[in-house]
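*Asks:* have a look at this prediction, sequence included:
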Amino acid sequence: MRVVVDLTKCQGYAQCAFLAPAAFQLEGDEALLYDPEPGDEQLEHVRRAAAACPVQAIQIDRLATQDMPPVRTATRAEPAAGGGPARIVIVGASLAGLRAAEALREEGYAGALTLVDDEPCGPYDRPPLSKQALGGRIRPDGTGLPHRADLDAGWRLGVRADALDLPGRRVRLSDGSWLPFDRLLIATGVRARPWPDPVEAALDGMFVLRTRDDAVRLRRRLRPGDGGRPGRVLVVGAGFTGCEVASSCRSLGLDVTVAEAAGTPLAGALGSAIGEIAAEIQRENGVDLRCGVTVRRIEGDGRVRRAYLSDGSALDVEVVVAALGGIRNVEWLEHSGLAVGPWGVACDAGCRAFDVNGVVTDDIFVAGDVARSPNAMFGYQFLALEHWANAVSQAEVAAHNMVADESDRWPHLHMPRFWSAQFGHNIKSVGVPTFADEVVVVQGSVAERRFVAAYGFNGRLTGAVAFDQAKWLPFYERLIERAAPFPPEFNAVDRPGDVLPVPAGVPDHEALARDATAVVTGHRPTLVRSTA
């Protein structure tokens, strides 16, 4: 049995923890932790928990249910009704790719369906790797994603896509073969940004964290084993991944130093005003946090031994985790004729890719972390989102539009949502906090580490973040959708006495590229520039 929880929906009501305590637990007030592969003896308890969830955030592997249609034994290459595509190829078999494949079958698509991915294993969930796997709550190889029984897809795993022949409608794979298609979905996501010095990156003790294999290697080093616990761990970068790694290391009792070039943790995602609060939480939990500091050099003798920092200090360290953000996997598309770049593949609100001339294509679609698309709620600016919920939503829209008539295509109107669990706190956001110039605490208490902060730009509400107050976010989500005024003016439960906006401290686009999970990549409509 496999389980996944959409933690963007979860609001910490904890019915699941009461009904299936062996599979679901709360850490702190709201952070839900769960076992992605509970034993079969837990099946009935997990089913009851899924049925009782007020927001229906729990999905059980549909392979375990009894009422699924029979599994097809062969993939058929036949056109859909109305002369639709006979062959659909999905490049990228992670969350977005898998969900798109499922949605295609739910839409009634009966043609040939092929998924390509450079990793040799099947689709798995990435967020638990930094949140649960490093701390030992789950195995890194136990995060397989639930999927439907009748997918009937051809899987090309351990093979990467090397090139796209747009006129010929085919993809070249790394084994030299060509894969023809009638419709193509690009869902190649991002990879971890490597340590910039290749010699230092090759030292034993240098790690990144993005894949299951990365988590296996890092967990082996962090947890007791033949070599015992390591000495000090240096985490370079205090975005969400870096903060979650630091949290997991502290839960193991390890000494941790975090070096962050910005003035606060999470500055690229939430701005420095809220980042200051995150900094206080880290220091309260024993993290040696160094902000405004970079790592100049890593010294070693085959193994990591010492790190030299820009503040003139040197640290004896045994493990270095480079949490430097992600690189979008678009290199294979550079000469394809599509509009690709550092922010990903540009597409319209219907997930159709643009070519280099800005003309929308009819047969190439994009979904997930690699997509860059306009959002009507934020001035039709292009957003690049590295969000779990966005990958699911965009994949469903792309799948529908790949097989739908022109008159029945859907727009992708997803409200950005993100969550993080660190140091016993549940941090969740809605909207785009980086599309803001001011922020104000509108509910709760910063001192008690339970609050909601609202973000605004030009007098309009654009985002909200909650620390252990996730139940209020749907309310702010509706306000963002209505373009409510900022600062919000209403009588709310637990409203602070002094509600005064302060500068949000959002860095410029170049600076936040590394740490942000939602990046505005187009120009603000209020800015008009010309050059002679």
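*Replies:* It's in.

*Asks:* for the stretch 251-400 of the chain, what spans make up the helices?
*Replies:* With DSSP state H, counting those that start in this stretch as the criterion, the stretch 251-400 of the chain has helices at 267-284, 388-403.

*Asks:* and of these, who's closest to His425?
*Replies:* helix 267-284 (6.6 Å; Cβ to Cβ). In this view, the C-beta of every residue, glycine as well, is placed from N, C-alpha and C.

*Asks:* excluding chain neighbours, what is closest to Gly122?
*Replies:* Nearest residue to Gly122 in three dimensions, chain neighbours excluded: Gly144, at 6.2 Å (Cβ to Cβ, 6 or more residues apart in numbering).

*Asks:* give me the number of residues near that neighbour?
*Replies:* Gly144 has 18 neighbours, counted by other Cβ atoms under 10 Å.

*Asks:* circling back: go through the helices of the stretch 251-400 of the chain and name the closest to Arg105.
*Replies:* Where the helices of the stretch 251-400 of the chain are weighed against each other on Cβ to Cβ, the nearest is helix 388-403, at 8.9 Å.

*Asks:* re earlier: state the pLDDT value of the residue nearest to Gly122.
*Replies:* Looking at Gly144, its pLDDT reads 88.

*Asks:* what are the contacting residues of stretch 208-220?
*Replies:* Contacting residues not belonging to stretch 208-220 are listed as 119, 121, 124, 126, 129-130, 133-134, 136, 140-141, 143, 190-195, 207, 241, 245, 319, 321-324, 326 [Cβ atoms under 8 Å, 6 or more residues apart in numbering].

*Asks:* what does stretch 5-22 give?
*Replies:* Taking Cβ under 8 Å, 6+ apart as the rule, stretch 5-22 contacts 23-26, 29-32, 34-35, 38, 42, 45-46, 48-50, 52-59, 127, 387-389, 392, 417-419, 426, 428, 468, 470-471, 473-474.

*Asks:* name the SS class of Trp419, please.
*Replies:* strand (DSSP: H, G, I helix; E, B strand; the rest coil).

*Asks:* still on that earlier bit, ok, of the contacts of stretch 208-220, which come out buried?
*Replies:* 119, 124, 126, 129-130, 133-134, 140, 143, 190, 192-193, 195, 207, 241, 245, 319, 321-324, 326 (16 or more other Cβ atoms under 10 Å).

*Asks:* low-confidence ranges, the stretch 51-200 of the chain, go.
*Replies:* For the stretch 51-200 of the chain, the stretches with pLDDT under 70 are 61-83.

*Asks:* strands along that one, start to end?
*Replies:* Applying DSSP state E, counting those that start in this stretch to the stretch 51-200 of the chain gives strands spanning 58-60, 87-91, 112-117, 154-157, 161-165, 170-173, 178-180, 183-186, 190-192.

*Asks:* looking at the ones you listed, spot the one closest to Asn285.
*Replies:* strand 190-192 (24.5 Å).

*Asks:* same for the closest one, what does it pack against?
*Replies:* strand 326-328 (3 or more Cβ pairs under 8 Å, 6 or more residues apart in numbering; DSSP states H and E).

*Asks:* so what strands line up beside the strand it packs on?
*Replies:* strand 190-192 (antiparallel) (DSSP bridges).

*Asks:* how far does the partner strand sit from its chain's centre?
*Replies:* 11 Å (Cα atoms, centre = their mean, to the nearest Å).

*Asks:* do stretch 232-243 as well
*Replies:* 17 Å.

*Asks:* the helices of the stretch 251-400 of the chain: which one's closest to Asp162?
*Replies:* Nearest of these (Cβ to Cβ): helix 388-403, 22.4 Å.

*Asks:* packing partners of that closest one?
*Replies:* So helix 388-403, by 3+ Cβ pairs under 8 Å, 6+ apart, packs with helix 95-106, strand 183-186, strand 360-366, strand 417-422.

*Asks:* any chance of those in a markdown table, plus mean neighbour count and distance to Ala279?
*Replies:* Output for the helices and strands packed on helix 388-403, formatted as a markdown table (neighbours: other Cβ atoms under 10 Å; distance: least, Cβ to Cβ, whole Å):
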| stretch | mean neighbour count | distance to Ala279 |
| --- | --- | --- |
| helix 95-106 | 25 | 31 |
| strand 183-186 | 28 | 38 |
| strand 360-366 | 20 | 36 |
| strand 417-422 | 25 | 12 |
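
*Asks:* ok, which of the ones you listed comes nearest Tyr380?
*Replies:* By Cβ to Cβ (comparing all of those), the closest turns out to be strand 360-366, at 14.6 Å.

*Asks:* how about residues contacting that closest one?
*Replies:* By Cβ under 8 Å, 6+ apart, strand 360-366 touches 85, 166, 169, 181-187, 338, 344-345, 347-348, 351-355, 372-373, 398, 401-402.

*Asks:* list the buried residues of the helix or strand Leu218 falls within.
*Replies:* Using DSSP states H and E, Leu218 sits in helix 212-222. Neighbour counts over helix 212-222 (16+ other Cβ under 10 Å) mark 212, 214-215, 218-219, 221-222 as buried.

*Asks:* next SSE after it?
*Replies:* Next along from helix 212-222, by DSSP H and E: strand 233-236.

*Asks:* low pLDDT regions in the protein?
*Replies:* Looking at the chain by pLDDT under 70, you get 61-83, 224-228, 509-518, 522-532.

*Asks:* having no further points to raise, I will conclude here.
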